[in-house]
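Chemist: everything below, folded, please.
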Amino acid sequence: MGKPVKQGTGSWVLLLVGLPFFAVGIGMGIWVGHTLLAAHAMKSWPEVPATITITELRVSHGDKSTSYCATASYRYSYMGKIYEGNRVTLMGGSDNIGSFQQRAHAELSRYQQSGKPFRCFVNPANPEQSILYRDPRWEQIGFLLIFVLVFGGVGLGIIVSGAASLGKGRHAKMQKTLQPDKPWTWKQDWAQGVIISSNRTEMWAAIVVTSFWNVIALPVAFMVLGDVMSRKTGALALLVLIFPAIGLGLLAWMIRSIAKWRKFGESRIEMASTPGVIGGALGGAICVPVHIRPEDGFHLKLTCVNRVTTGSGKHRSTTEHVLWQDERLMKRELLENDRSRSAIPVLFGIPYDCRPTDDTDSNNEFLWRLEAKAAVPGIDYQATFDVPVFRTEASSPDFKLDESAIAPYEGALDPTALFKESGIRVEPLAGGAQRIYFAAARNVGSAIGLTIFFAIWTGFLVLMVRLHAPLLFLIVFGLVDVFVFYGMLRLWFASWLVQADRNGLLVTARFLGMERTRKVGRSEIVDIKAAPGMQSGNTQYFDIKVTLQDGKDVTAGARVASQLEAKAIIRSIKTALRDESFSGGQKLASMAKSIPVE
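Modeler: Below you'll find the predicted structure:
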């Protein structure tokens, strides 16, 4: 597993790293807030004529960009007294955000040359204070908000993570000294075999992130709408509304997280033995403080995830790859007659070649995640647990799971119910044939999420074009936008029709009115499997892949949201291919039996 890092040191490092980010975000937020308050106060300043005496466009050349600053000196009269001023804009200073500075300089130059008076706004409480352009530049505010929300949000997240780690550091340090070869004892909940779900953590994360974001974004939204409606600024300023739009999405997440917590409380899994064993089993019971009666049972999913972090600074990104996954459907629970609580039985066999839990390298972590879901009226039940899975003395490459303990509780797979919920239609045909239709827009949640992301990304791209961003940035953002757009269209409009019979498969793929049909003979098929496809959040989707003798794969359906569904689809295809009434009989039936479901 490598040399373990010192828990306390890592936590302090997180705090020290997070503080500067958070300070930058808060500092820029205060600056933006002060600017907006000043703009609001200036709305009551009276307008008086001013004579432009000097105007200049200062140009600053950097390594990769050029910035501009329009400056001016002017005279104005207020209450019978002459004053001089030189404040042009709210924020002042140079920038290259759009062409405002150049346009302002051109306008002031015209008034200087013609001698005509230009408007000026004066502070009645202190007439020595004046300004020529008092309205906020919303493109500049939007640019700064990116830094406020990104730096502040990242910094806050790092600080919270570091603070949480500090609280667990003492136990981990002691256990690493006492039991260096048993890493599952280093975390207190793992050592006790009682692991709390992440629902409460998710709820508080939603509250903190949503509050931080909306406290900044919503006041800006009201100010922008007011200026657009009063025609003080152009419609382009509405792009700033991307931030409150994201805030509304975060608000929905927060409300749902709170409602889920209030309805189901804090779930926990009591493990039968600690840890879960590579080449062995992971078992136990999920305890819920309320009674749940789902019609279609409890769906359990155990997943091994490789979380990889690459890059540094603003280029740092984290992705998760599903390495192994298994699912079970529990129709009954352990406490069926107890109306005050529920206990969901858990049992999974873990292959010997799986990776154990390993978080010693924060840039390349291997995690095991147990998820439980149940469809109930209102908000569905859902709980997620990070469970310890390690290779121990009990690990065996020849391990076979004893299903007898879980058999009384596990429900038989009902493909009809699964397919009805997921938009997949399986129709039996004459002679044992099967027709399977994968409808378009089946994964509505993922499609909506990607559509929203595309709209936001496109909005940023338009804003970058209007602000004359460097060409390289526009090309990179544009290419990403094209790929996201294509993925979004696939989610909404791609469909498959698969017909399986004694002669083989007929696969028809449809997309935006285009259609491609592929005929696969029974003798060409070597393997049929559920291959990991796209991933959305913690949900791994599967594609049905038919491997041919030439080594090529034919996709016979995509984006199946459950391994249980994928197994049922493969089973339906195999049922049609194994029909012994066609020519070849026993020989082809024997070949069909060699096709693995997994």
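Chemist: okay, and the closest residue to Leu90 other than its chain neighbours sits in which element?
Modeler: Nearest non-adjacent residue to Leu90, counting by CB to CB, 6 or more residues apart in numbering: Thr35, 5.4 Å away. C-beta here means a position set from N, CA and C on the backbone, and glycine is covered the same way. Using DSSP states H and E, Thr35 falls within helix 7-42.
Chemist: give me the mean pLDDT for that helix.
Modeler: For helix 7-42, the mean pLDDT works out to 74.
Chemist: show me the contact partners of the helix or strand that it is followed by.
Modeler: Proceeding C-terminally, helix 7-42 gives way to strand 47-61 as the next helix or strand, assigned by DSSP H and E. Under the criterion CB atoms under 8 Å, 6 or more residues apart in numbering, residues 66-78, 85, 94, 101-102, 105, 108-109, 111-112, 115, 117-122, 130, 132 lie in contact with strand 47-61.
Chemist: of the residues you listed, keep whichever come out buried.
Modeler: In these, burial by neighbour count holds for 68-72, 74, 76, 78, 85, 101, 105, 108-109, 111-112, 118, 120-122, 130, 132, counting by 16 or more other CB atoms under 10 Å.
Chemist: tell me the pLDDT at Glu524?
Modeler: Reading off the confidence values, Glu524 has pLDDT 89.
Chemist: what sits against it?
Modeler: Gly504, Leu548, Gln549.
Chemist: give me the contacts around the host helix or strand of Ile452.
Modeler: Using DSSP H and E, Ile452 sits within helix 444-466. For helix 444-466, the surrounding residues in contact (CB under 8 Å, 6+ apart) are 98, 139, 142, 236, 239, 242, 245-246, 249, 441, 473-474, 477-478, 480-481, 484-485, 487-488, 491-492, 534, 536, 539, 541, 559.
Chemist: isn't there a helix covering Ile82?
Modeler: No - assessed with DSSP: H, G, I helix; E, B strand; the rest coil, Ile82 is strand; it does not lie in a helix.
Chemist: can you tell me the closest non-neighbouring residue to it?
Modeler: Counting by CB to CB, 6+ apart, the nearest residue to Ile82 once its immediate chain neighbours are dropped is Arg75, at 6.2 Å.
Chemist: can you list contacts of the helix or strand containing the one you found?
Modeler: In the assignment (DSSP H and E), Arg75 maps to strand 66-78. Surrounding strand 66-78, the residues in contact under the criterion CB under 8 Å, 6+ apart are 46, 48-60, 82-86, 88-89, 92-96, 101-102, 104-105, 108, 118, 120, 122, 127, 130, 132.
Chemist: tell me where the stretch 401-550 of the chain has helices.
Modeler: For the stretch 401-550 of the chain, helices defined by DSSP state H, counting those that start in this stretch occupy the ranges 415-422, 444-466, 471-493.
Chemist: any idea of the mean pLDDT in stretch 104-116?
Modeler: 93.
Chemist: about what we covered before: generate a PyMOL selection restricted to the buried subset of the contacts of strand 66-78.
Modeler: PyMOL command restricting the contacts of strand 66-78 to the buried ones, with burial defined by 16+ other CB under 10 Å:
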select buried, resi 48+50+51+52+55+83+85+88+89+95+96+101+104+105+108+118+120+122+127+130+132
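Chemist: and stretch 78-94, how far apart are its ends?
Modeler: End-to-end distance for stretch 78-94, by CA to CA, to the nearest Å: 29 Å.
Chemist: now do it: distance to the chain's middle.
Modeler: Between the centre of stretch 78-94 and the centre of its chain there are 47 Å (CA atoms, centre = their mean, to the nearest Å).
Chemist: try stretch 37-51
Modeler: Relative to the chain's own centre, stretch 37-51 is displaced by 44 Å; criterion: CA atoms, centre = their mean.
Chemist: likewise stretch 42-58?
Modeler: Offset of stretch 42-58 from its chain centre (CA atoms, centre = their mean): 47 Å.
Chemist: re the thing from before, list the residues that contact the residue nearest to Leu90.
Modeler: Leu90, Met91, Pro136, Ile141.
Chemist: mind checking the SS state of Glu365?
Modeler: Following three-state DSSP, we place Glu365 in the strand state.
Chemist: for it, the count of nearby residues, please.
Modeler: Using other CB atoms under 10 Å, Glu365 has 17 neighbouring residues.
Chemist: before we move on, what about Pro377?
Modeler: Pro377: 8 neighbours (other CB under 10 Å).
Chemist: that one: what secondary structure?
Modeler: At Pro377 the chain is in coil, as set by three-state DSSP.
Chemist: any chance of CSV for the contacts of Glu524, columns pLDDT?
Modeler: Formatted as CSV, the contacts of Glu524 follow (pLDDT from 0 to 100):
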residue, pLDDT
Gly504, 89
Leu548, 89
Gln549, 88
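Chemist: nearest to Phe151, of those?
Modeler: Of all those, Leu548 has the smallest distance to Phe151: 51.7 Å, by CB to CB.
Chemist: which residue packs closest to that closest one, ignoring adjacent ones?
Modeler: Glu524 (4.9 Å).
Chemist: can you list the buried residues in the helix or strand where Thr575 lies?
Modeler: Assigned by DSSP H and E, Thr575 falls within helix 563-577. Across helix 563-577, burial judged by 16+ other CB under 10 Å covers 563-570, 572-574, 576-577.
Chemist: figure out how far stretch 31-41 is from the centre of its chain.
Modeler: 33 Å.
Chemist: got the buried residues for that stretch?
Modeler: For stretch 31-41, a neighbour-count test (16+ other CB under 10 Å) marks Val32, Thr35, Leu36, Ala39 as buried.
Chemist: wait, doesn't the third one sit right on Leu144?
Modeler: No - judged on CB atoms under 8 Å, Leu36 makes no contact with Leu144 at a distance of 10.7 Å.
Chemist: quick check: Arg339 vs Pro345, distance?
Modeler: Per CB to CB, to the nearest Å, Arg339 is found 19 Å from Pro345.
Chemist: who has more neighbours, these two?
Modeler: Ranked by neighbour count (other CB under 10 Å), Arg339 and Pro345 place Pro345 first, with 21 against 10.
Chemist: low-confidence ranges, the stretch 201-350 of the chain, go.
Modeler: Scanning the stretch 201-350 of the chain for pLDDT under 70 picks out 216, 218-242, 312-317.
Chemist: those strands in it, which residues are they?
Modeler: Here the stretch 201-350 of the chain has its strands, by DSSP state E, counting those that start in this stretch, at 268-271, 276-277, 280-288, 298-310, 317-330, 342-350.
Chemist: direction included, what does the last one pair against?
Modeler: When you say that, I think you mean strand 342-350. Applying DSSP bridges to the sheet, strand 342-350 is found paired with strand 280-288 (antiparallel).
Chemist: between the partner strand and strand 298-310, how many degrees?
Modeler: Interaxial angle, strand 280-288 versus strand 298-310 (axes from the mean of the first three to the mean of the last three CA atoms, to 10 degrees): 110 degrees.
Chemist: was I right about Asn199 contacting Ala259?
Modeler: No - counting by CB under 8 Å, Asn199 does not reach Ala259; the two are 11.2 Å apart.
Chemist: looking at these two, which one has more neighbours?
Modeler: Per other CB under 10 Å, whichever of Asn199 and Ala259 has more neighbours is Asn199, with 20 against 13.
Chemist: buried ones in the helix holding Ile452?
Modeler: Neighbour-count burial for helix 444-466 flags 446-447, 449-451, 454, 456-461, 463 (criterion: 16+ other CB under 10 Å).
Chemist: can I get those residues in JSON lines with pLDDT and distance to Leu149?
Modeler: Converted to JSON lines, the buried residues of helix 444-466 look like this (pLDDT from 0 to 100; distance: CB to CB, whole Å):
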{"residue": "Ser446", "pLDDT": "80", "distance to Leu149": "25"}
{"residue": "Ala447", "pLDDT": "85", "distance to Leu149": "26"}
{"residue": "Gly449", "pLDDT": "81", "distance to Leu149": "19"}
{"residue": "Leu450", "pLDDT": "85", "distance to Leu149": "21"}
{"residue": "Thr451", "pLDDT": "88", "distance to Leu149": "22"}
{"residue": "Phe454", "pLDDT": "87", "distance to Leu149": "20"}
{"residue": "Ile456", "pLDDT": "78", "distance to Leu149": "13"}
{"residue": "Trp457", "pLDDT": "81", "distance to Leu149": "16"}
{"residue": "Thr458", "pLDDT": "84", "distance to Leu149": "19"}
{"residue": "Gly459", "pLDDT": "78", "distance to Leu149": "15"}
{"residue": "Phe460", "pLDDT": "73", "distance to Leu149": "13"}
{"residue": "Leu461", "pLDDT": "80", "distance to Leu149": "18"}
{"residue": "Leu463", "pLDDT": "70", "distance to Leu149": "15"}
